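Undergrad: Got a predicted structure here, sequence first:
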Amino acid sequence: MIFNSMRFSNFRNMLPMGLAMLAVGMALGLMQYATGGRVAYTMDSLTYRDAAHHFVAGHPMQATNVLAQTPELQPLLNWPPAYPALWASGLSLTGGVIDEVPSLLNPALLVITTLAMFWICWKATGNPVVAAAIAAVNAFTPTHMIVYGHAWSETLFIPLLLLAYASFWKYRISGEKFIWLAIAALLTGSANWVRYVGAVFLPILGFSVLAASNSALGKRISHATGAMLLGAALVLPLWLRNWQLAGNISGSARGGAPKVDRWFEDLTAIVDLFEHCFFAFSMVLRANLEIPILVAVAFVAYRAFRSNGVQWRRLPQAWLPMVWMAGYLLFLLYARKIQTTVDLDLRMVAVVFPFLLVAMAPAINAAFSDRFLDTRKILAVLLLALLVYSGLDQAYVIRNNYASDGIPRWRTNFGLGYRDLRDTSPTSRALVENLQGVDSSTLILTDYRAIHLRYLTGKKVYAPNGNNCGAWADVPAGGVLFIGATEPPLWAIDCLKGSSQWRLQRATGRAAPSTHVD
């Protein structure tokens, strides 16, 4: 009897670990099936890659200056340095092959994300089975598949946020030992070194202490203040450096002219993106299931309110994740008042979609707390099944895209997709072919993204900033104007005037002889 009891106890102790590993295996297996271990690049990825090169060369927080020949390096301001630094540190694991690093980093960071999700949901519900299901489903969502299919800083930002939330929850259930809150503050401060939007989570962490702590008010205030100051102290050097160099803690002014009437448009886009996470961009599913799901959610919420009144306020595991999600989205809406050229996409929503699933975990656990079939169970199964279907559908599509075209064609929203700029894509191969006859010492001015062409060809490529050729007129040997637009930009026309040695080359053809514009 004692032996059987011990075996059962060992089984219960090992069950959470086994379920966590199962969730990790499902997450890694799905991404491997979809991508075959490949990681796509966008322009942000190439900027991180460029900065990683400079880290290796001993120039931290520097970026290649493609707007002028001198100085060749300039301070890295628009993007925080933590992710490029991590990329550079991974070079030792790949034998110095920089483009293989994301293929190692992304799975490792996906594992951390999945384990953090498991731990949070396990502690919030006490049910390791529900925790494993939520952790696995999180990896299946379109938001996370897109993030971990690219070389992006969100692959590091998301696990840092989840670990910060997990540390705060440990603080709450450990008798509010400040050490755990300090860890949460340091992780939140570290997230600011990955993405500037992480600044919003410092006050969110402070609010969490005030709202979800069980201590006396004085202790809550002191702990909240201490946590925010500790996190801010960690990121303060970065903010001060940016302010000194650019007059802005985020490195530069963002966007263009203010667009104050964008609130409703962006709010609608956020709702639309969250819907796509459940319906896999399928208008058929959305048309047939959205209204019934909303009705069912309203019915379940009404029944829960009638049964329990406002007791939900005593369950921070249900409403606190929503605070983290809502705080970020509200900040995003506010910040985007001046970002007139950037559309909302799934990448932006991906940061906080895990917190929506964490908030759902207690409701899903409650739905399966008995053996009776009711609306709660049907709704929970339907929602989780939709998310799993979304992941499987996306994995199938991306796998086929890689097989047929060599590029994944990840979707940004319902109608548009992220461009893959890896040197294996058809567009990139065409650009390389267009420039293969140009000597590596020849200067190239372009209306393309210069960093992209440098990555593809290794040549000296610049993208002039301005409407004249004055900064380039004194180049003795001239060079190539590699133009993709139908009409050359003003600076290119200026370069071709007079006796210039510049020659014009269209992106679809070979270089032409020296061309003059009178």
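TA: Received it, and whenever you're ready, just let me know what you need.
Undergrad: CA atoms for contacts and neighbours, from now on please.
TA: Will do.
Undergrad: so who does the nearest residue to Gly466 once chain neighbours are set aside touch?
TA: Excluding its sequence neighbours, the residue lying closest to Gly466 (Cα to Cα, 6 or more residues apart in numbering) is Trp491, at 6.7 Å. Applying Cα atoms under 8 Å, 6 or more residues apart in numbering to Trp491 gives the contacts 464, 466-469.
Undergrad: repeat that with 10 Å
TA: 445-447, 464-472, 481 (Cα atoms under 10 Å, 6 or more residues apart in numbering).
Undergrad: likewise Pro142?
TA: 273-274, 276-281, 346-347, 350, 387-388, 390-395, 410-412.
Undergrad: which non-adjacent residue is nearest the residue nearest the centre of the chain?
TA: For the chain, Glu154 is the residue whose C-alpha lies nearest the centre (Cα atoms, centre = their mean; 2.9 Å). Leaving aside its sequence neighbours, Glu154 sits nearest to Val147 (Cα to Cα, 6+ apart; 6.6 Å).
Undergrad: still on that earlier bit, so which of the contacts of Pro142 belong to helices?
TA: Counted as lying in helices by DSSP state H, out of the contacts of Pro142, are 273-274, 276-279, 346-347, 350, 387-388, 390-395.
Undergrad: Buried residues, the helix or strand where Val358 lies. List them.
TA: Element membership of Val358 [criterion: DSSP states H and E] is helix 353-367. Within helix 353-367, the residues that count as buried by 16 or more other Cα atoms under 10 Å are 353-365, 367.
Undergrad: can you put these in CSV and add distance to Gly36 and pLDDT?
TA: Below are the buried residues of helix 353-367 laid out as CSV (distance: Cα to Cα, whole Å; pLDDT from 0 to 100):
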residue, distance to Gly36, pLDDT
Phe353, 25, 95
Pro354, 24, 97
Phe355, 28, 97
Leu356, 29, 95
Leu357, 27, 96
Val358, 29, 96
Ala359, 32, 94
Met360, 31, 93
Ala361, 31, 94
Pro362, 35, 91
Ala363, 35, 89
Ile364, 33, 92
Asn365, 34, 91
Ala367, 37, 87
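Undergrad: Which stretches in the protein count as strands?
TA: All strands of the chain, identified by DSSP state E, fall at 62-64, 73-75, 443-446, 460-462, 479-483, 503-506.
Undergrad: For the second one, which strands pair with it and how are they oriented?
TA: Right, the one you point to is strand 73-75. With DSSP bridges as the test, strand 73-75 is paired with strand 62-64 (antiparallel).
Undergrad: what about the strand it pairs with, average pLDDT?
TA: Here strand 62-64 scores 91 as its mean pLDDT.
Undergrad: Report the distance from it to the chain centre.
TA: 22 Å (Cα atoms, centre = their mean, to the nearest Å).
Undergrad: Between the contacts of Trp491, identify the one with the most neighbours.
TA: The most crowded member of the contacts of Trp491, judged by other Cα atoms under 10 Å, is Leu481 (28 neighbours).
Undergrad: Which residues are in contact with it?
TA: Leu481 makes contact with 443-447, 461-463, 488, 491-493, 495-496, 502-507, 511-512, according to Cα under 10 Å, 6+ apart.
Undergrad: Check Thr64 too.
TA: Residues near Thr64 by Cα under 10 Å, 6+ apart: 47, 50-51, 53-54, 71-76, 450-451.
Undergrad: Tell me how far Arg336 lies from Gly327.
TA: Arg336 sits 14 Å away from Gly327, going by Cα to Cα, to the nearest Å.
Undergrad: Comparing these two, which shows the higher neighbour count?
TA: Arg336 (22 against 16).
Undergrad: thought the more buried one was touching Leu344?
TA: Yes - look at Arg336 against Leu344 with Cα atoms under 10 Å: they come within range, at 9.1 Å.
Undergrad: related to what we said a few turns ago, from the structure, what's the count of residues near the residue nearest to Glu154?
TA: 25.
Undergrad: just Ala124 next, same as before
TA: 21.
Undergrad: how deep is the residue nearest to it when sequence neighbours are not counted tucked in, by neighbour count?
TA: Here the nearest residue to Ala124 in space, its sequence neighbours aside, is Gln317; by Cα to Cα, 6+ apart that works out to 5.6 Å. When neighbours are defined as other Cα under 10 Å, Gln317 has 22 of them.
Undergrad: The one 3 residues further on too?
TA: Residues contacting Leu320 under the criterion other Cα under 10 Å number 21.
Undergrad: circling back: mind listing the shared neighbours of Arg336 and Leu344?
TA: By Cα under 10 Å, 6+ apart, the residues touching both Arg336 and Leu344 are Asp266.
Undergrad: circling back: top of the contacts of Thr64 by number of neighbours, please.
TA: Neighbour max across those (other Cα under 10 Å) = Ala51, 28 neighbours.
Undergrad: Identify the nearest residue to that residue in space, disregarding sequence-adjacent positions?
TA: Spatial nearest neighbour of Ala51, excluding adjacent residues (Cα to Cα, 6+ apart): Ala63 at 5.3 Å.
Undergrad: ok so, going back, and the strands of the chain as a markdown table, adding distance to Val130?
TA: What follows is the strands of the chain, written out as a markdown table (distance: least, Cα to Cα, whole Å):
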| stretch | distance to Val130 |
| --- | --- |
| strand 62-64 | 45 |
| strand 73-75 | 46 |
| strand 443-446 | 54 |
| strand 460-462 | 53 |
| strand 479-483 | 55 |
| strand 503-506 | 57 |
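Undergrad: And Pro102, how close does it get to Ala359?
TA: 30 Å.
Undergrad: Please read the previous query as pertaining to Asp50.
TA: From Asp50 to Ala359 the distance is 38 Å (Cα to Cα).
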